[in-house]
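K.L.:
Predicted model and sequence below, questions to follow.
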Amino acid sequence: MIGNFKHIGIATVAATLLAQGAAHAQDWPSEPVHVFVGFPAGSSPDTIARLVAEPLSQALGQPVVVENKPGAGGVIGVQQMLSQADTGHSFGVTINGPLTTSQRLVPDLSYETASDIAPVALIATSPLALTVPADFPADDAAAFIEEAKANPGDIAYGSVGQGSGAHLTAELFADAAGIELFHIPFQSYAEVTTSMLAGEIDAGFMAPSAALPFVEAGQLKMLGLTSAKPFPQAPDVPVLAGQAGIPDDFRAELWNAFIAPAGTDPAIIERLNTEINTILADEALQQKLLATGWNVAPGTTADLAARIEADTALWGKAIDLVEAKDQ
């Protein structure tokens, strides 16, 4: 009998805590919500955050203020979010890097994703496209790989920086294809494009939205995408997975997500996840995101947590490949 009373007591306490959490979530937000973005105004994460912020503000009944804190590949924005965690109104929109690669690439990082970050919702994803000049002697990925095998180390590709998604994706692709490529880092896709058009480099893994205008002008061509499925913005470009010996599960996507400090009330996180998924279901917003090169990716908080874990392992493998080449 005592054991039964003990179990009843535990159940009562648990029910009370859940009820208190739900009540707290109903009262929240009690002041403006701040969303920190670790990139400048006009960047993709900033654009995505602002597209979500306006309807989210209407749903929550409080202003949702986007604050740009650029630096260190998005790390500064995450740190700023965490520095204001005690307010209960501090959140972030970030690309994958600060959550998946920064602990390997940023010395003395002040946070750990697993213990300090609470996933809220994945917002949007984008593949990268293997892109070459129009006169490159390959019209598909198989021919590109054949050319690279015939000229090991001679094909130079550009990326938007050492350790960037474009750089790490190229190394994963080269490893999967069994080829050797030569890396040249740049500051932006615009510089990569200019160098390709000038004949200074042979290839680049580009955001489709950055490459498409030049593809349509007949100056560049996209040979394959790193997503698991075709991308609506470039429906005629095949995925690289399954081509010329590339594994069927090959995938290397960029993404943006909504995050919170660890310790945020789970009821608040679930409410935010629900509201964000409702926002992402709006067709007009989907078209706006697609126009900037992003495909909506609704899902649960558990989906985002699984994505972070999987991509931490994926990009970790790429970093290992880079470090092995540098030795």
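P.N.:
Structure's in. What do you need?

K.L.:
and the lengthiest strand in the chain, which strands flank it?
P.N.:
Using DSSP state E, we find that the single longest strand of the chain is strand 117-126. Strand 117-126 has the following sheet partners, assigned by DSSP bridges: strand 254-261 (antiparallel), strand 295-296 (antiparallel).

K.L.:
what residues go with each domain of this protein?
P.N.:
Domain assignment for the chain, taken from automatic domain parsing, gives 32-125+253-319, 129-251.

K.L.:
Using CSV, lay out these together with mean pLDDT, distance to Gln327 and mean neighbour count.
P.N.:
C-beta coordinates here come from the backbone N, C-alpha and C atoms, glycine included. Shown next, in CSV, are the domains of the chain (pLDDT from 0 to 100; distance: least, C-beta to C-beta, whole Å; neighbours: other C-beta atoms under 10 Å):
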stretch, mean pLDDT, distance to Gln327, mean neighbour count
domain 32-125+253-319, 97, 13, 19
domain 129-251, 95, 14, 18
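
K.L.:
how about those domains, which one is nearest Lys325?
P.N.:
Taking C-beta to C-beta, domain 129-251 is the member of those nearest to Lys325, at 7.8 Å.

K.L.:
possible to save the domains of the chain as TSV with distance to Gln26?
P.N.:
Compiled in TSV, the domains of the chain are given as follows (distance: least, C-beta to C-beta, whole Å):
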stretch	distance to Gln26
domain 32-125+253-319	8
domain 129-251	38
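
K.L.:
Not counting its neighbours along the chain, what's nearest Leu225?
P.N.:
Excluding the flanking residues, the one nearest Leu225 by C-beta to C-beta, 6 or more residues apart in numbering is Pro127, at 4.3 Å.

K.L.:
Would you mind giving the strands paired with strand 117-126 as TSV with distance to Ser57 added?
P.N.:
Output for the strands paired with strand 117-126, formatted as TSV (distance: least, C-beta to C-beta, whole Å):
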stretch	distance to Ser57
strand 254-261	14
strand 295-296	19
